[in-house]
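J.: the amino acid sequence is not available; the structure is as follows:
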């Protein structure tokens, strides 16, 4: 069993997809490292990017080719200035070359050096191969797989051993929800406290706090940016940004000059039931509108589902607890990360493997559990809330129109957030000892459902809404 940190589940990156954008970007960076380690970097005269399966079928809509190019060019998704991305890609197109890792100019044409292969590689639907021609005319290559949530692996899984060693150093190595519940009971601790102890085996308290603050800041910034940006999303579907007008109607004449002051402004608005629904939806929509426009978001656990967790956490801060501070944020993110890791260990967080149940379903489950602990729920109720949320996403397909993370993806984040809050309330009002469906069972069921699901409903745009609704209809 591999160690999975909160910072594995919640990663800062660029949209629109963790598996189709962030993963290929990271893979390109890893390949550069491989070239340097093998002393081949200075010998490279030409590079090719081969995209397979789901990365090919929906790669254009997910900016897979552009992400790989930016990775090869030496840019990092955490630090790149978002407003420079289009300029950098335009320069590659115009000059017919890229600057490999920002160091060496080599000839490169997107049309001829990025190749889309519809066939699937055996190991995983999201396969990609980087090839290089050396000065000696020798061709070398390396194949990577983007397995969801920004995780990138190679078939031989050499890094998995390091992860296993780290897992065994955890104070509380946990394989599944049953073990998590037993550890909480034995140690008389909350889930967040158990997770924090495990994180301390990997990094200091200062590093943990700084990392979680950085994650929350990106979440908050993405909500703020989305709510204050109007217009049409890129990609050709002509989808109008909706969070801007919704937010404008909700916020009224409030005055604020920063994301932090914005939180206080929202706390002073009317919060009847309809307004609460609209605020939660607005928060979720805003994040995924930013994601759809190659903005910076946090995988939670993926980019396509990035809006659910921020929306539910923001709900807690502006509706449930006006005194909420970083300690509440920290607690929420620790629990959410742990719930997500249970799904990654027992099933998948990749839509290409499991459909949208593996993204929105998991994010809703993560948010439901995290909210439940903040609301005073027991570990048993936390797991019950997580189970309820996933149970009502089972079988959800991934069928993005035109391969874009827009329709139905953006709306699904709003629905997932609302379901998470509802699941939490049901668990808090229920008797967890009488729950009929343990979280481990629903995780197993999700994985079985994923395996039975037709491949055309797994992020290929070959079934469902993706074929029933054409670009011309939009």
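T.: Nice, thanks for sending it over. Note that the structure is a prediction, hence the values are computed from the model and not measured.
J.: mind listing what's buried along the longest helix anywhere in the chain?
T.: In terms of residue count, the longest helix belonging to the chain (DSSP state H) is helix 205-227. Buried residues in helix 205-227, counted by 16 or more other C-beta atoms under 10 Å: 208, 211-212, 215-216, 218-227. (Glycine included, C-beta is placed from N, CA and C.)
J.: tell me which strands and helices the helix or strand just after it is in contact with?
T.: Using DSSP states H and E, the helix or strand that follows helix 205-227 towards the C-terminus is helix 243-251. With contacts taken as 3 or more C-beta pairs under 8 Å, 6 or more residues apart in numbering; DSSP states H and E, helix 243-251 sits against helix 205-227, helix 259-267, helix 273-292.
J.: will you turn the ones you listed into a markdown table that also has mean pLDDT and distance to residue 103?
T.: Formatted as a markdown table, the helices and strands packed on helix 243-251 follow (pLDDT from 0 to 100; distance: least, C-beta to C-beta, whole Å):
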| stretch | mean pLDDT | distance to residue 103 |
| --- | --- | --- |
| helix 205-227 | 98 | 28 |
| helix 259-267 | 97 | 36 |
| helix 273-292 | 97 | 30 |
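J.: quick one: the longest helix of the chain to helix 259-267, angle?
T.: Counting by axes from the mean of the first three to the mean of the last three C-alpha atoms, to 10 degrees, helix 205-227 lies at 60 degrees to helix 259-267.
J.: quick check, residue 241 in contact with residue 228.
T.: No. Contact criterion C-beta atoms under 8 Å: residue 241 and residue 228 do not qualify, at 10.2 Å.
J.: between those two, which one's more packed in?
T.: Legend: neighbour count by other C-beta atoms under 10 Å for residue 241 and residue 228, higher for residue 241 (21 against 15).
J.: skipping its backbone neighbours, what lies nearest that one in space?
T.: residue 289 (5.0 Å; C-beta to C-beta, 6 or more residues apart in numbering).
J.: next, count neighbours for that neighbour.
T.: Under the neighbour criterion other C-beta under 10 Å, residue 289 is assigned a count of 29.
J.: check contacts around it.
T.: 226, 229, 233, 241-243, 410 (C-beta atoms under 8 Å, 6 or more residues apart in numbering).
J.: continuing past the helix or strand bottoming out on mean pLDDT in the chain, what's the next helix or strand?
T.: The weakest-scoring helix or strand in the chain, judged by mean pLDDT, DSSP states H and E, is helix 160-169 (a mean of 66). Downstream of helix 160-169, the next assigned helix or strand under DSSP H and E is helix 177-187.
J.: what is the mean pLDDT for that next one?
T.: On average, the pLDDT along helix 177-187 is 98.
J.: can you list the buried residues in that helix?
T.: For helix 177-187, by 16+ other C-beta under 10 Å, it's 177, 180-181, 183-184.
J.: pipe those residues into CSV and attach distance to residue 299 per row.
T.: Output for those, formatted as CSV (distance: C-beta to C-beta, whole Å):
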residue, distance to residue 299
177, 21
180, 22
181, 26
183, 26
184, 26
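J.: which member of those is positioned nearest residue 49?
T.: When those are compared for distance to residue 49 (C-beta to C-beta), residue 177 wins out at 39.2 Å.
J.: name the nearest residue to the closest one, ignoring sequence neighbours.
T.: The shortest distance from residue 177 to any non-neighbouring residue, by C-beta to C-beta, 6+ apart, is to residue 439 (4.0 Å).
J.: list the contacts of that neighbour.
T.: By C-beta under 8 Å, 6+ apart, the contact set of residue 439 is 177, 342, 383-384, 386-387, 390.
J.: highest neighbour count among these?
T.: With neighbours taken as other C-beta under 10 Å, the top of the contacts of residue 439 is residue 386, carrying 34 neighbours.
J.: pull up the gap between the closest residue in space to that one that isn't next to it in sequence and residue 60, please.
T.: Residue nearest to residue 386 in three dimensions, not counting chain neighbours: residue 369, with 3.9 Å by C-beta to C-beta, 6+ apart. The gap separating residue 369 from residue 60 is 36 Å, by C-beta to C-beta, to the nearest Å.
J.: looking at these two, which one has more neighbours?
T.: residue 369 (35 against 18).
J.: ramachandran coordinates for that one?
T.: phi -60, psi -40 (degrees, to the nearest 10).
J.: check whether it really touches residue 337, as I assumed.
T.: No. The criterion here is C-beta under 8 Å, and residue 369 misses it with residue 337 at 10.3 Å.
J.: identify the residues contacting the residue most central in space within the chain.
T.: Nearest to the mean C-alpha position of the chain, by C-alpha atoms, centre = their mean, lies residue 302 at 1.6 Å. Residues near residue 302 by C-beta under 8 Å, 6+ apart: 17-19, 148-150, 349-351, 359, 363.
J.: ChimeraX command for the buried members of the residues you listed?
T.: Filtering these down to the buried ones (16+ other C-beta under 10 Å) takes a single ChimeraX command:
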select :17,18,19,148,149,150,349,350,351,359,363
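J.: with pLDDT added, can I get the contacts of residue 302 in CSV?
T.: CSV is the format used below for the contacts of residue 302 (pLDDT from 0 to 100):
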residue, pLDDT
17, 92
18, 92
19, 92
148, 91
149, 91
150, 91
349, 96
350, 94
351, 93
359, 97
363, 98
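J.: residue 147: helix or strand, and which one exactly?
T.: Counting by DSSP H and E, residue 147 is part of strand 139-148.
J.: next structured bit after that strand?
T.: Sequence-wise, the next helix or strand downstream of strand 139-148 (DSSP H and E) is strand 151-153.
J.: elements contacting that following strand?
T.: Using 3+ C-beta pairs under 8 Å, 6+ apart, strand 151-153 sits against helix 23-37, strand 139-148.
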